[in-house]
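Q: Task: produce atomic coordinates for the following.
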Amino acid sequence: MSDVVRKIVEQYRNWGQWGAEDELGTLNYVTPEVIRRSAQMVRRGVSFSLAIPFDSSGPQINQPRRFNPIHRMILTGPDFTTGAFQRPGGVGFADDMVIMALQCATQWDALAHCFLDGRLYNGYDANLVSSQGAKKNGIQAMKRHLVTRGVLLDIPRVKGVEWLEPGYGITAADLDAAVRAHGVSVGSGDALLIRTGQMTMCHRRGGWGDYAGGDAPGLSFHTAGWLHERQIAAVATDTWGMEVRPNEIPDTYQPLHQVLIPGMGMLVGEIFDLDELAEDCARDGVYEFQLVAPPIPITGAVGSPINPLAIK
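A: Numbering: from 1, shown residues only. Next comes the predicted model:
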């Protein structure tokens, strides 16, 4: 691993800040007061789903591990109308199931998702994430902690373009410019949603292309301090991997993940559909809202599919 990455990880590490047994990391910034204030963001009574469809048309194309959801029916109408399956009184029921990688669509990374030098967030041994799941920092620890104030920073709109080109690293100066342009603040306990426009680009071009794992706009590695100083609870983007790709630091993989997840203990969200929300924010000039986005409490999971709701 690059010495540059290791230095920044150590500089912004939050291990022990909330106790030796902590498994929430920066979600500790989401206090009862933060939740109460987030409710005050609801003024119009409108909500926006930030999830992409969970179906076979998703972005996981030619991926070695992740694949798009596979939806299968267990019981159907014909099972009952043909008499193959019966219940008394003529009643019938349909049942179904899904087979999916938990991080194949709109999702949160758990704090067990990424480890560094054999250690998870808060110093836990990475071997605690075994074939039986994560014994520490699993997603289930966060099941009631994702109600907070959300802030959207629409970087392409501020720059006057439809989308950021793949490989563009969003800088701290870009974030500051968006904060000023949108007339919004970013502070302790907030969930920061950053639109790059990459999903817009894919839709316009008629397909996902190499969205999953390919070159992408995203947060620069050098924004770590900006996020840390503002005590952000969670950060999410409309891209597959949150940070800029190709990565900026040589001889390492997803360096900002290494700082945010095992170092800071920050919740990272990916594949958020921010386009409809961004259009509404541009119309009414309000870039803050209540975000309700709890994970599914799958015991020991290192990620979770979600249907985040931005409520204005």
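Q: and the closest residue in space to Val184 that isn't next to it in sequence, what does it touch?
A: If the residues on either side of it in the chain are set aside, Val184 comes closest to Tyr287, at 4.5 Å by C-beta to C-beta, 6 or more residues apart in numbering. Just so you know, the C-beta spots here come from the backbone N, C-alpha and C atoms, and that holds for glycine as well. Applying C-beta atoms under 8 Å, 6 or more residues apart in numbering to Tyr287 gives the contacts Val151, Leu152, Leu153, Asp154, His182, Gly183, Val184, Cys281.
Q: Now the buried members of the residues you listed.
A: Buried members of those, counted by 16 or more other C-beta atoms under 10 Å: Val151, Leu152, Leu153, Asp154, His182, Val184, Cys281.
Q: about what we covered before: gap between the residue nearest to Val184 and Phe115?
A: Separation of Tyr287 from Phe115 (C-beta to C-beta, to the nearest Å): 34 Å.
Q: Asp174 reaches Ile155, doesn't it?
A: Yes. Judged on C-beta atoms under 8 Å, Asp174 makes contact with Ile155 at a distance of 5.8 Å.
Q: Comparing those two, which residue is more hemmed in?
A: A count of neighbours by other C-beta atoms under 10 Å puts Ile155 above the other of Asp174 and Ile155, at 24 against 21.
Q: and the more buried one, how far is that from Gly225?
A: 18 Å.
Q: Can you give me the domain boundaries for the chain?
A: 3-59+102-311, 70-99 (automatic domain parsing).
Q: Tell me which of these is the most buried.
A: domain 3-59+102-311 (a mean of 19; mean count of other C-beta atoms under 10 Å).
Q: which residue is nearest the middle of this structure?
A: Central residue of the chain (C-alpha atoms, centre = their mean): Gly269, 0.9 Å from the mean position.
Q: Assign that one to helix, strand or coil.
A: At Gly269 the chain is in strand, as set by DSSP: H, G, I helix; E, B strand; the rest coil.
Q: How much space separates it from Ala110?
A: For Gly269, the distance to Ala110 - C-beta to C-beta - is 11 Å.
Q: residue ranges for the helices of this protein, please.
A: 3-11, 32-39, 77-81, 155-159, 172-182, 198-205, 224-229, 255-258, 275-284 (DSSP state H).
Q: between the last one and helix 198-205, how big is the angle?
A: Interaxial angle, helix 275-284 versus helix 198-205 (axes from the mean of the first three to the mean of the last three C-alpha atoms, to 10 degrees): 110 degrees.
Q: Show me what helix 275-284 is packed against.
A: strand 47-49, strand 147-154, strand 191-195, helix 198-205 (3 or more C-beta pairs under 8 Å, 6 or more residues apart in numbering; DSSP states H and E).
Q: Show me the contact partners of it.
A: Outside helix 275-284, the residues touching it (C-beta under 8 Å, 6+ apart) are 44, 46, 48, 50, 152, 154, 157, 182, 193, 195, 199-200, 203, 238, 287, 289, 310, 312.
Q: Okay, now the unreliable bits of this structure?
A: The chain contains residues with pLDDT under 70 at 1.
Q: try 80 this time
A: Where the chain drops to pLDDT under 80, the residues are 1-2.
Q: Which residue of it lies farthest from its centroid?
A: Largest centroid distance in the chain under C-alpha atoms, centre = their mean is Gly89 at 46.3 Å.
Q: What sits closest to Lys135 if chain neighbours are left out?
A: Nearest to Lys135 is Leu128, by C-beta to C-beta, 6+ apart, at 4.3 Å.
Q: Same check on Glu10?
A: Glu10 sits nearest to Gly263 (C-beta to C-beta, 6+ apart), 7.8 Å away.
Q: Contact partners for the one you found?
A: Ile8, Val9, Glu10, Tyr12, Arg13, Asn14, Leu116, Tyr121.
Q: give me that answer again for 7 Å
A: Counting by C-beta atoms under 7 Å, 6 or more residues apart in numbering, Gly263 touches Val9, Tyr12, Arg13.
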